[in-house]
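Enquirer: Sequence below, structure please.
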Amino acid sequence: MGALPFVDAHIHLWDLTRIRYPWLTPPFDDNGPNGSVEPIARTYLLDDYLADAKAWNVVGAVHVDAGAEAASALDETRWLQALSDERGLPTGLVAFAALGAPDAEALLEAHAAHRSVRGVRHIVNWHADPKRTYTPRDVTGDPAWRTGFGLLAKYGLSFDLQCYPGQMLGLVDLFAAHPDTPVMINHAGMPVDADKTEWREGMKALAALPHVSTKLSGFGFVHRRWTEEQIQPLILEAIEIFGTDRCMFASDVPTDKLFGSLDRHLTAYTAITAGFSEDERRDLFGRNANRLYRLGLAV
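Expert: Purely as a prediction, here's the structure:
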C-alpha cells in the first residue's frame, strides 16, 4: 500500500496553544457544514500527520490555511515556514487572506515574502441553506473582493477556491481575466446538493480555463458516511472533466478524519483509479500537485 510517491495536495496543522481557531473553539453543535468538529478540536502537528500517513509514501505536502482567526494569518505562515525550514514539510503553503479587506495587498506581500508560500485561500462558500453556508453572503461579486483577486499575480500567488457549485459560473469571467493566477478548486467543487447538474456545469465551465485545476478530497462534505460506491462517480467525473493532468488527490486531514481515516480515504482513491495507467496515477497522486504548486520535488 502507498508505493506511489504521494504529494498530499491539502493538509492542515494546528497548535491550539499557539493560535486561536474560532471554528475549533467550543461550544460545538451538529448544525454546521461539517457537523460537529469536536472530534478534531485538538492540537494536530506534523508528527500526528506523519503517523496518520505512515502507510503511504509521502514525499511532499501542501498546507492550506486552517481557519485561524484573521488577525493571526501571518502568525500561522511564520510558524509553518519555520516548521518547513526545520523539517522539510509542509513543502508548500497556502495562506489566508481576505481579498476584499482594505489591507489585503499588504498581507499578500507579507505572505509572499516567505519562501514556501505558493498561494492564498479565502473560503467563500455561500449556500442558501443556513446549515451549508460558511459565509453570510456571497462575496465573490463584490468589486473589492475582485480587485483583491486581481493582485495575486503581482505577488506570484495562486488561489485556492473553496466555493459551492452555485457560485462557479459567476467566477468564470474573473478567472478568465487573470490567466496568470492559477486556481485550485478545493474538494472537487463540493457537490453537496442531490442534483449534480449545477456542479457539472460549473466544473465544465471552470475546466475550460487551462489555469484552473481541482483537488479530489473532502467527499465527506457530500456524504458524511460515504462509501466507495457513492464517491466513485464523483471522482471519475471530475477526472473526466479536468483530465488526469489537472486533478490532485489530497487527504484533507485532519478535517476529513471527521468522515474516515486517512487510510480509508486513500485506499478508496487508489481502488477507484486502479484502472488508470501508472503514468496517470503518478500524476494524480503526486506529479500534478508538485507541478501546479511549483514545489520542485523529484517525483
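Enquirer: Show me the helices in the chain, by range?
Expert: 46-52, 73-87, 104-112, 143-149, 172-176, 197-207, 228-242, 262-272, 278-282, 288-292 (DSSP state H).
Enquirer: for the fourth one, what is the average pLDDT?
Expert: The predicted model gives helix 143-149 an average pLDDT of 98.
Enquirer: That helix packs against which elements?
Expert: helix 104-112 (3 or more Cβ pairs under 8 Å, 6 or more residues apart in numbering; DSSP states H and E). Glycine gets a C-beta too; all of them are placed from N, C-alpha and C.
Enquirer: tilt between the helix it packs on and helix 73-87?
Expert: 10 degrees (axes from the mean of the first three to the mean of the last three Cα atoms, to 10 degrees).
Enquirer: Now do the buried residues in helix 104-112.
Expert: Going by neighbour count (16 or more other Cβ atoms under 10 Å), the buried part of helix 104-112 is 104-105, 107-108, 110-112.
Enquirer: Same list (those) but as CSV, adding pLDDT and distance to Arg225.
Expert: What follows is the buried residues of helix 104-112, written out as CSV (pLDDT from 0 to 100; distance: Cβ to Cβ, whole Å):
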residue, pLDDT, distance to Arg225
Ala104, 98, 39
Glu105, 98, 43
Leu107, 98, 38
Leu108, 98, 39
Ala110, 98, 41
His111, 98, 37
Ala112, 98, 40
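Enquirer: I'd like those residues laid out as CSV, including distance to Ile185.
Expert: Formatted as CSV, the buried residues of helix 104-112 follow (distance: Cβ to Cβ, whole Å):
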residue, distance to Ile185
Ala104, 21
Glu105, 24
Leu107, 23
Leu108, 20
Ala110, 26
His111, 21
Ala112, 22
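Enquirer: Backbone dihedrals for the closest residue to Asp30 other than its chain neighbours, please?
Expert: Closest residue in space to Asp30, ignoring its immediate chain neighbours: Ser36 at 4.9 Å, by Cβ to Cβ, 6 or more residues apart in numbering. Per-residue torsions, Ser36: phi -70, psi 130 (degrees, to the nearest 10).
Enquirer: what's Ser36 in contact with, if anything?
Expert: 28-30 (Cβ atoms under 8 Å, 6 or more residues apart in numbering).
Enquirer: Okay, it and Thr197: tell me how far apart.
Expert: 30 Å (Cβ to Cβ, to the nearest Å).
Enquirer: Sort out which residues of stretch 64-74 are buried, please.
Expert: 64-68, 72-74.
Enquirer: thinking Met168 is in contact with Lys204, fair?
Expert: No - applying Cβ atoms under 8 Å as the test, Met168 and Lys204 come out as separate, 9.3 Å apart.
Enquirer: neighbour count winner among the two?
Expert: Remark: of Met168 and Lys204, Met168 carries more neighbours, 23 against 14, as counted by other Cβ atoms under 10 Å.
Enquirer: pLDDT score assigned to the more buried one?
Expert: On the pLDDT scale, Met168 gets 98.
Enquirer: Just give the nearest non-adjacent residue to it, would you?
Expert: Take Met168 and drop its neighbours on the chain: the residue closest to it by Cβ to Cβ, 6+ apart is Gly202, 2.8 Å away.
Enquirer: cool, Glu201 as well?
Expert: The nearest residue in space to Glu201 (Cβ to Cβ, 6+ apart) is Leu169, at 7.0 Å.
Enquirer: if I look at Cys163, how far off is Thr214?
Expert: Using Cβ to Cβ, Cys163 is found at 12 Å from Thr214.
Enquirer: Could you tell me which residues touch both of these two?
Expert: 185, 189.
Enquirer: Could you give me the buried positions within stretch 73-85?
Expert: Going by 16+ other Cβ under 10 Å, stretch 73-85 has these buried residues: 73-74, 76-77, 79-81, 83-84.
Enquirer: Would you check that Phe259 makes contact with Gln230?
Expert: No - Phe259 is beyond contact range of Gln230, at 11.3 Å (criterion: Cβ under 8 Å).
Enquirer: Name the residues contacting each of these two.
Expert: Residues touching both Phe259 and Gln230 (Cβ under 8 Å, 6+ apart): Phe219.
Enquirer: of these two, who's got more company?
Expert: A direct count of neighbours by other Cβ under 10 Å for Phe259 and Gln230 places Phe259 higher, at 20 against 13.
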